[in-house]
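In: build the 3D model from these lines:
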Amino acid sequence: MLANNFKKSLLAANIGLALTAGVSGVAVAETGSQVKEDVEVIEVRGIRRSLEAAINTKRFATSVVDAVSAEDVGKFPDSDVGEALGRISGVSVGRQFGQGQQVSIRGASAQLTRTLLNGHSVASTNWYDQQAIDRSFNYSLMPSEMVGGIDVYKSSQADLPEGGVGGVIIVKTRKPLDLEANTVFGSVKMDHGSVSEEWDPEVSGLYSWKNDNENFGALVALSRKDTEYQRRGTETILAWGGAVAPTVFKQERERTAANLALQYAPTDELEFGLNYTYLDLQADNINSSLFLFSQGADAARWIPYGDRYTNGGVDEAPVDGPLGNMPECQATNATGDCVKATLDANAGGSWGQTWVRDAEMNSKTLEINGSYTTDDYVIDGRIGTTKSEGGTNFTAAQRNGIGVASDFAGVYDATGKIYTVDTAVKSWTRDDFVGDLDLPGWSIRSQPNTDEEDFVQGNIKFFVDLGPITSIKTGFSYADHFVEEKTFQPNPRVAATDVISGDPTKLYKDSQLELAQGFMFPEADYGALLARAKSGLGEWELLRSGYGTVEEENFAAYVMAEFSAEGIRGNFGLRYIKTDAESDFFAVDFEGIKKGLYAEGGALAGYQAYETVLSTEKASYNDVLPSVNVVFDLTDDLILRTSASQVVARPNYANMFARQSQDGYNDDIENNEVLTKGSPGLLPFKATQADLSLEWYYDSSALLSFTYFIKDISSFTTAALTPDQQLGIVDNFGNDNWTLSTQQNSTGGKIEGFEIQWQNSFDSGFGYVANYTFVDAKADASNYADLVSQFSDSSEHTVNLVGYYEAEDYTVRLAYNWRSEYMIREGAKFYGNRMHDDYGTLDLSATYTLTDNIGFTFEVVNILEEDSIQLGAAPTESSVKNELKNNYPAWSFEGERRIKAGVNFRF
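Out: Take a look at the predicted model:
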C-alpha cells in the first residue's frame with residue numbers, strides 16, 4: 001500500500017512537469033500532427049467527403065494506417081463503433097452479444113489489438129462472469145455520436161505505444177476549438193429488435209462553445225440508451241445427461257456516456273487541454289433454459305469417441321459390439337456413427353432453469369495534456385488516470401423439474417450444424433414446474449472486478465536539417481496498472497434465515513418467453529428471483545480460489561528519425577520497453593490437505609483448503625523493438641509502401657493471475673473440475689512483421705491497393721490442459737479428478753496474407769467500397785488444448801462490399817460484411833474453445849435532410865438475420881469436453897435484425 005501511495009504521489013508531482021516540460025504520449029499526438037501537416041484539409045460533410053478524408057489519412061501517413069471519419073457531428077458511418085471498424089480491410093469484429101464488441105486485425109486475436117482513447121489507455125472490465133479479464137476494449141460502451149474519427153495502425157513505428165501485435169486502434173473524441181462556437185447537436189432514435197420485439201430509446205446531445213478570441217473552448221457530450229436485448233439459442237452439455245438446452249438470454253441494458261473537453265491556447269505556441277470521459281453500462285439479465293436430457297429413461301444420445309461410442313462419458317460401448325440401451329439409429333455419418341436418435345414416451349423429464357445476474361461495468365478517464373510549439377521543436381505532454389469497476393455483482397441459478405416424461409418424447413437430431421429438437425410438447429407455464437424451485441448454493445456468487453491505470457507520457461520533436469533527416473523525436477511513457485478480481489460465495493458455516501419461498505407462481509410471471517426452436521417457457525420475474533436468491537445467501541465469504549491481483553509497471557522510451565527526399569519519405573527508430581509484474585493470491589494448502597485437516601472430522605472441516613495469507617509471485621522482462629517505414633512516391637498518384645518492425649502484446653490479465661482457481665467445483669456435472677493457474681512471469685506475445693503495399697490514388701476519392709503482410713510469431717501465450725489429476729480435493733460426487741489448466745509461453749507460428757482495397761465515388765452520386773483480406777494464421781496444434789492449429793479469432797477470408805448513393809437531400813448505403821469460420825477460445829470458461837461458423841451481415845442505412853438543421857436517419861442491421869453457429873472443432877484425442885469435438889453442434893444463437901430510426905438537429 002505504501003508503494004502504491006508513493007507512486008501515485010510521484011505521479012501527481014509530475015503534473016506540472018507534464019504541462020510545462022511536455023511530458024506526453026506523443027507517439028499518437030505527434031503522428032496525428034504529422035498527418036495534419038501533410039494532408040489536404042477537407043471539410044468533412046457527406047459520405048464522399050468522409051471517404052476522402054480517410055483516404056488522405058492513409059495516403060500521407062508514413063506507416064500503414066486506415067481510418068474511419070465522421071461525416072459531421074453525430075454522423076458516424078455506423079451507429080455501432082465496432083461495426084464501423086468492421087468495414088476496414090483486414091479488420092474482423094466479434095458480435096457475441098449482438099453488437100460489435102471486440103476487434104481483431106489481420107488474423108491476430110482480438111486480445112492482441114490495443115485500443116487507445118485520444119492516445120492513451122482506457123480501463124475496461126466485463127459485466128459477464130463467463131468472460132475473462134483481458135486487455136481488449138468493449139466497443140459497446142462507446143456511442144458513435146461521441147467519436148470524431150478512428151485510426152487503425154496495422155504497422156508499427158517507434159513513437160507508437162506498444163501492445164498491439166495485431167495493431168493499434170486510436171479512437172478520437174472531438175475538441176471544442178475544432179468546432180464552430182455554440183455548435184449544438186442532438187438526436188433521438190428508436191431501436192427495434194426482431195427477437196425482443198421492443199422499441200428502445202436512445203438520446204444523445206453535444207454542445208461546444210469557444211470565446212471570441214477562439215483560444216478557449218468547452219465541449220460537453222451526453223448519450224443515454226436503454227435496450228431490451230434478447231438472444232435465443234440452443235446450448236449443449238453432454239456431460240450432464242446428454243443435455244440439449246433451448247435458451248433465451250434477456251438483458252436490460254442501460255448505457256450512459258459523457259464527455260467533457262476543455263481547451264486553452266493562451267498563445268499561438270502554447271496549448272492546454274483536459275478531457276474527462278465517463279462510460280457506464282448497467283447489464284442486469286436473466287438466462288432461462290429448458291434442459292432436455294437425451295439420456296433419460298434408458299435412452300441415450302450416443303456420439304463417436306475414438307473406437308467406441310459414448311453418451312457423454314457416462315457409459316461406453318464398442319463400435320463393433322451391441323450398444324445396449326442405444327435407441328434406434330435414425331441417421332449415420334460417413335463412418336457409420338449414429339448421430340440422430342428418437343426417444344419414446346419414457347424419455348424422462350426436463351429441468352427448467354433460470355440464472356439471474358445483477359451486472360454492470362463503468363469506465364472513468366481523466367486526462368490533462370499540454371503542448372508547446374516553436375520553429376525548432378515541439379514538446380507535448382499527457383498525464384492522467386483511468387479506472388473501471390464492474391462485473392457480476394450477484395448471480396444465482398434456480399430450477400426444478402418441469403413437465404412430465406411423455407412431454408419430451410421426440411427426435412433429437414445433431415446431424416447438422418444446429419442441434420434440432422422436436423418434442424411432443426413445446427410450451428410450458430409456471431404451473432408446469434413439479435414443485436418449488438431449487439436454489440443450489442454453489443451457483444450463488446459475486447464477482448466484482450477493478451481495472452485502473454495511472455499514466456504519464458511525453459516526447460519532444462526537434463526539426464533538423466541533416467540531409468534527408470527532417471526531424472528527430474524522442475520520448476517516454478510510464479504506466480502503473482492494477483487489476484483485481486474478487487469472488488464471493490455464501491459462507492457455508494452461516495445458514496440463511498427467512499429464505500423466500502421457491503413457489504414458481506411467485507418467481508415467474510403469468511406470461512411466457514420464447515426460447516430457441518419455438519419452445520415457450522415461463523417468463524422470469526427478475527426482481528423476485530433476485531430477492532429470493534439473496535435471501536438464501538446468509539453472508540458472503542471471500543472465495544480465496546477466486547481472488548487475484550496483477551500489478552504491472554510499464555516503462556517505454558524511444559528515439560525516431562523522420563526523413564524525406566525526392567520521391568521517398570518515412571521513419572526509423574528504436575523503442576525500449578521494461579515491465580515489472582506481480583500477482584497476489586491465496587495458495588492451495590496442500591500440506592493441510594495431506595494431513596487431513598479439511599476432510600470430514602478434520603480440524604478445518606468445512607473450510608476452504610487454501611492458505612489464509614496472501615502469496616506473491618513477481619517477474620520482469622525488457623526488450624528493444626526496432627521499426628522502419630519507407631514510402632516511395634513513384635508518381636503523383638502511385639505509392640509503394642514498405643514497413644518492418646518488431647511488436648509485442650502483453651499477456652491477458654486473466655492469464656497472469658497466479659491464483660489457483662477452481663472452476664466447476666461442486667456443481668451438478670460430474671468430473672467437471674478444473675484447477676486454473678496463470679503466472680505474472682508470462683512473456684508477451686512477440687512478432688517480427690513486415691508489409692509491402694502498392695497504392696494507386698487515381699482520383700480524389702478513389703483508391704486501388706494491394707498489400708502483402710507477414711507476422712512471424714516468436715512467442716505467445718496458450719493454455720495447457722492436463723486431465724485426470726488427483727489434488728486431494730474431493731467434490732460433491734466423491735471424486736478427486738481434476739483437469740489442470742496452466743498458462744504457458746509457446747513458440748512458433750506465422751500470420752501471412754494480403755489485402756485488396758478498391759473504392760471510388762462518381763459525380764452522379766454513386767460510389768462503392770470493396771475490400772478482401774486473406775489470412776493464413778497457424779501455429780503448432782500442440783500449443784492448444786483443442787489441437788486446432790488456427791490462431792484465435794482468425795478468419796481466413798474477410799469481405800466487405802459497400803455501395804451508396806448520395807444526393808443533395810438524402811443518402812442510401814447498403815453494406816455487406818462476411819468472414820469465414822474462426823476459433824473462439826475461452827479455456828476453462830463454460831463455453832470453452834469452439835469454431836464459429838462463417839458469418840455475414842447485410843446492413844442498410846439512409847438519411848434525409850429536411851432542412852439545414854434537421855435530418856432523419858434510418859438503419860437496418862443484419863437484414864437477413866444471420867445466425868451465430870458454433871461447432872466443436874477439436875479431434876477426439878484432445879482434452880476438451882465432448883461437445884467441443886468432431887464438428888458437434890455445440891451452440892447456436894438466432895440472428896436478430898435491428899431497425900433504427902431517428903431524428904437529429906444541428907445548429
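In: how much space separates A221 from D191?
Out: Counting by C-beta to C-beta, to the nearest Å, the gap between A221 and D191 amounts to 19 Å. (C-beta placed from N, C-alpha, C; glycine too.)
In: check which helices and strands the longest helix along the chain sits against.
Out: Criterion DSSP state H: the longest helix present in the chain is helix 46-60. Contact partners of helix 46-60 among helices and strands, from 3 or more C-beta pairs under 8 Å, 6 or more residues apart in numbering; DSSP states H and E: helix 26-38, strand 65-69, strand 685-699, strand 750-761, strand 766-778, strand 797-806, strand 810-819.
In: including mean neighbour count, distance to I105 and mean pLDDT, could the ones you listed go into TSV?
Out: Below are the helices and strands packed on helix 46-60 laid out as TSV (neighbours: other C-beta atoms under 10 Å; distance: least, C-beta to C-beta, whole Å; pLDDT from 0 to 100):
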stretch	mean neighbour count	distance to I105	mean pLDDT
helix 26-38	20	17	39
strand 65-69	24	10	84
strand 685-699	19	11	94
strand 750-761	19	10	94
strand 766-778	19	10	94
strand 797-806	19	11	93
strand 810-819	19	13	93
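In: Serialize those to JSON lines and add fields for distance to F905.
Out: Output for those, formatted as JSON lines (distance: least, C-beta to C-beta, whole Å):
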{"stretch": "helix 26-38", "distance to F905": "30"}
{"stretch": "strand 65-69", "distance to F905": "21"}
{"stretch": "strand 685-699", "distance to F905": "34"}
{"stretch": "strand 750-761", "distance to F905": "27"}
{"stretch": "strand 766-778", "distance to F905": "27"}
{"stretch": "strand 797-806", "distance to F905": "21"}
{"stretch": "strand 810-819", "distance to F905": "17"}
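In: out of those, which gets nearest to V244?
Out: Ranking these by distance to V244, with C-beta to C-beta as the measure, places strand 810-819 first at 27.2 Å.
In: state the mean pLDDT of the longest strand along the chain.
Out: Longest strand of the chain, by residue count under DSSP state E: strand 377-402. Taken as a whole, strand 377-402 has a mean pLDDT of 94.
In: now swap in stretch 436-451 and tell me
Out: Mean per-residue pLDDT for stretch 436-451: 92.
In: ditto for stretch 183-198
Out: Mean pLDDT, computed over stretch 183-198, is 93.
In: so how far is it from its chain's centroid?
Out: Chain-centre distance of stretch 183-198: 23 Å, with C-alpha atoms, centre = their mean, to the nearest Å.
In: quick one: contacts of that stretch?
Out: Stretch 183-198 is contacted from outside by 73-74, 79, 145, 199-208, 225, 227-232, 250, 857, 865, 894, 896-907, using C-beta atoms under 8 Å, 6 or more residues apart in numbering.
In: ok, how many other residues are close to the closest residue to G391 other than its chain neighbours?
Out: Leaving aside its chain neighbours, G391 sits nearest to N449 (4.1 Å; criterion: C-beta to C-beta, 6 or more residues apart in numbering). Neighbourhood size, N449 [other C-beta atoms under 10 Å]: 22.
In: and if you look at the one 3 residues further on?
Out: Using other C-beta under 10 Å, the number of residues around E452 comes to 17.
In: show the contacting residues for T747.
Out: Applying C-beta under 8 Å, 6+ apart, the residues contacting T747 are S714, S715, F716.
In: sounds good, over and out.
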